[in-house]
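# return a 3D structure for these sequence lines:
(one chain, ligands or ions: 1)
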Amino acid sequence: VTKILVETQTVRLELPPGGLKLSNEETLAEIDVAYETYGQLDIDGKNAIFVCHALTGDAHAAFYQDDKDKKPGWWDTLIGPGKAIDTDRYYVVCSNILGGCKGTTGPASINPATGRPYGIKFPLITVEDSVQVEKLLLDTLGVAELYAIIGGSLGGMRALQWCVSYPDYVRRCICVASAVNLSPQALAFDIIARQEIECDPNWKQGKFYEDNPEHMNGLVRARQIGHVTYLSAASMAAKFGREIREKPMPGEQSKFSTSFQVESYLNYQGQKFVERFDANSYLYISRMMDMFDLEADYGSLREAFKHTQTKFLVVSISTDWLFPSVQQLEIVSILLSLRKHVSYFMLDSPYGHDAFLMESDTLQRGIESFLSGETPSQPADTLDHQDLELISEMLEDDMHVLDVGSGDGSLILALQEARNISGVCLDLDFDKVETCMRRGLSVIQLDADTGLSLIEDNAFDCVLLNQTIQQLHSALQTIKQLLRISDTGIVSFPNFAYYGYRLSLAFKGRLPVSKVLPFAWYDTPNIHLVTVRDFRDLCKQHDIHIAQMEYESVSLTGRLMLSLGLPNLGAERSLAKITRNHKTPTE
Ligand code: COA
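Numbering: from 1, shown residues only. As a prediction, the model looks like this:
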């Protein structure tokens, strides 16, 4: 395989007279930024994707810097020709963060005022400052707007800050395993890690550059602490178990060191890190991450995100305890309540927080489909047109609608066309989520039984439960949630009291299989059999108002029964418009 080569470049930014003013009112007179680019910028400057690295990453995100390199850049699994971030299509830029030690101005850089390294005289910096510097870089490169921004962990925080700082500039944002602020648990690990550096006698209050010390034990410890938080219990068990090495590692002189593989791994990773990273940069950047707080900085998340025009994709990792999924769902929830375009999925991986850096088919598919997602002019042909007409009649134009159990998004697409609604899909199946994203739809991967609880009150004008309710474990709870997040719901379900089904059971002694109920008893997703009468009773008992009820039957006899006013016998399917308020008289 031919290696594609790339070179890290450095540019001195053009700053306003007096230098760049930072959030803490201090200024930086000179700023160099190290960056790499992959692919070509379009003539209109609108096909750029900016990649934000995490805490200890750098500008080398993809390709090889030298033919002899064993490993490519840190996100080469995602970036390249024909990959999820396709360099045949996009102009991809990644730069080293402000305060870093891989070419961008940071504490090891020479302070023009003194001619010596800044050390800890370097000003305290924020994520907002780093984003300001990155914007100046993109201006220099001629990027007119960002097709997308993407990052994991601290990179995800930077991506979010970009959307808040430049709400009209960023078209799409992919935020992986990240948060609007760090949890106290995550802060705790960072605090201990920084204290380890500060307690190291070789650190010398940040003035260690002239000595160039070989042993920066504080930084080794800091990395080891961090590294444990990036793994999961399962991945550590699988990787190391309680396996014992035969020979001690060189340098293992302590009476109390063990021969466990995990100890040798941590020693190896700590040592490798200290050879490539600057202790002061670690202090500055990890503090920058700790202080990031969109909620505190803008008064509320609602305020922070209110102006953004960006389409978001938020991704969680199932085993990430450093940035648990509740933090990503907080972002999703606020964006949904602001009626922004947001998609969400969970990467099911054993690798903990680090999973975003590992090869993953799901992550690649998710990112690729979100980036290439476009609304097709015609919805797919998988829809029952009778259903569509009935649902469409029950809606009003321009409503904001959630489709629970949305499948491939065909219903929402058709309703967008018929009613100009703005729609959000919700489904548990990643394949469906991927299809929806590919079709340009906003889609949330959640279990309808539990997931609705994360959505804020009145986030939608209407919620659809189209042929889904009979598949839920807690149908009543879901209906109650539905009428919390919206004052109207449309619930359609197969009527198990339909005369044809009764006959099948009575005379054949078999559970019915039909077009409406296509599953055999052993593989049916339908776990709660419901009839028209049952549904009405449930609504009555729980003070749920039925504003309109429609019935469908394909058989002649069924239709005859419906015309005789016998819906419980004649309807194969039923469609109910329910409301929490008695807005319209009952049928
Ligand atoms: N003893 C000593 N060394 C060991 C070992 C053991 N028991 N087990 C593995 N190693 C060494 C391997 O020889 C290999 O060395 P190399 O990098 O010089 O080739 C290295 O450890 C492999 O690391 P490992 O973690 O096993 O690789 P991975 O493929 O599972 O994970 C990364 C890749 C990049 C995710 C991971 O190495 C890493 O760096 N994680 C931290 C990333 C980070 O900074 N995250 C921050 C998010 S904010």
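# for R533, see how far away I546 is.
12 Å (CB to CB, to the nearest Å). Backbone N, C-alpha and C define where each C-beta goes, glycine included.
# between those two, which has more neighbouring residues?
Using other CB atoms under 10 Å as the criterion, I546 and R533 rank with I546 on top: 17 against 12.
# mind saving the C-alpha coords of the helix or strand hosting that one as CSV?
Here I546 sits within strand 545-552, counting by DSSP states H and E. Taking C-alpha atoms only, strand 545-552 is exported to CSV below (Å, rounded to 0.1, in the frame of the first residue of the first chain):
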residue,chain,number,x,y,z
HIS,A,545,-58.4,12.9,25.8
ILE,A,546,-59.2,11.2,22.5
ALA,A,547,-59.7,14.0,20.1
GLN,A,548,-60.2,11.9,17.0
MET,A,549,-60.3,8.2,16.2
GLU,A,550,-60.0,6.7,12.7
TYR,A,551,-60.3,3.0,11.7
GLU,A,552,-59.0,1.1,8.7
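# give me the distance from that strand to the chain's centre.
37 Å (CA atoms, centre = their mean, to the nearest Å).
# report the buried residues of stretch 161-178.
For stretch 161-178, a neighbour-count test (16 or more other CB atoms under 10 Å) marks 161-166, 169-178 as buried.
# and for stretch 482-497?
482-497.
# hmm, who's touching stretch 573-580?
387, 390-391, 394, 467, 479, 482-483, 487-495, 516, 532, 535, 539, 544-553, 567 (CB atoms under 8 Å, 6 or more residues apart in numbering).
# from G558, how far out is V424?
Going from V424 to G558 by CB to CB gives 34 Å.
# the two: who's more crowded?
The residue with more neighbours, out of V424 and G558 and counting by other CB under 10 Å, is V424; that gives 27 against 22.
# circling back to that earlier point, mind checking which of the buried residues of stretch 482-497 land in strands?
Among the buried residues of stretch 482-497, the members falling in strands (DSSP state E) are 488-494.
# name the nearest residue to L141, sequence neighbours excluded.
Of all residues not flanking L141 in the chain, V93 sits nearest, at 6.6 Å (CB to CB, 6 or more residues apart in numbering).
# and the one you found, bridged to which residues?
On the basis of DSSP bridges, V93 is bridged to T37, F50.
# what's the answer for S442, then?
When bridges are called by DSSP bridges, S442 pairs up with V424.
# for it, what are its contacts?
Contacts of S442 by CB under 8 Å, 6+ apart are 311, 341-343, 423-425, 436.
# weed out the non-buried ones from the residues you listed.
311, 341-343, 423-425, 436.
# could these go into a markdown table alongside pLDDT and distance to the ligand?
Formatted as a markdown table, these follow (pLDDT from 0 to 100; distance: CB to the nearest ligand atom, whole Å):
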| residue | pLDDT | distance to the ligand |
| --- | --- | --- |
| K311 | 98 | 25 |
| H341 | 97 | 27 |
| V342 | 98 | 23 |
| S343 | 98 | 23 |
| G423 | 96 | 35 |
| V424 | 98 | 30 |
| C425 | 97 | 31 |
| C436 | 97 | 29 |
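# count of neighbours near P567?
For P567, using other CB under 10 Å, the count is 22.
# burial of Y64, as a residue count?
Neighbours around Y64, by other CB under 10 Å: 18.
# hmm, P72 and it touching each other?
Yes - look at Y64 against P72 with CB atoms under 8 Å: they come within range, at 5.2 Å.
# identify the contacts common to the two.
Shared contacts of Y64 and P72 (CB under 8 Å, 6+ apart): K3.
# sorry, back to before: export the next helix or strand after the strand holding I546 as PDB, just CAs?
Counting by DSSP H and E, the next helix or strand C-terminal to strand 545-552 is helix 556-563. This file holds the C-alpha atoms of helix 556-563, laid out as PDB (Å, rounded to 0.1, in the frame of the first residue of the first chain):
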ATOM      1  CA  LEU A 556     -65.000  -5.700   2.700                       C
ATOM      2  CA  THR A 557     -66.700  -7.300   5.700                       C
ATOM      3  CA  GLY A 558     -64.400  -5.200   7.900                       C
ATOM      4  CA  ARG A 559     -65.500  -2.100   6.100                       C
ATOM      5  CA  LEU A 560     -69.100  -3.100   6.400                       C
ATOM      6  CA  MET A 561     -68.700  -3.500  10.100                       C
ATOM      7  CA  LEU A 562     -67.100  -0.100  10.400                       C
ATOM      8  CA  SER A 563     -70.000   1.400   8.500                       C
END
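# same for helix 556-563, what does it pack against?
Here helix 556-563 touches helix 499-503, helix 567-570, going by 3 or more CB pairs under 8 Å, 6 or more residues apart in numbering; DSSP states H and E.
# what mean pLDDT does stretch 549-557 have?
In this model, stretch 549-557 has a mean pLDDT of 94.
# which of the residues in that stretch are buried?
Neighbour-count burial for stretch 549-557 flags 549-553 (criterion: 16+ other CB under 10 Å).
# do stretch 101-113 as well
Within stretch 101-113, the residues that count as buried by 16+ other CB under 10 Å are 101-109, 111.
# distance between the ends of that stretch?
Start-to-end span of stretch 101-113 (CA to CA, to the nearest Å) is 20 Å.
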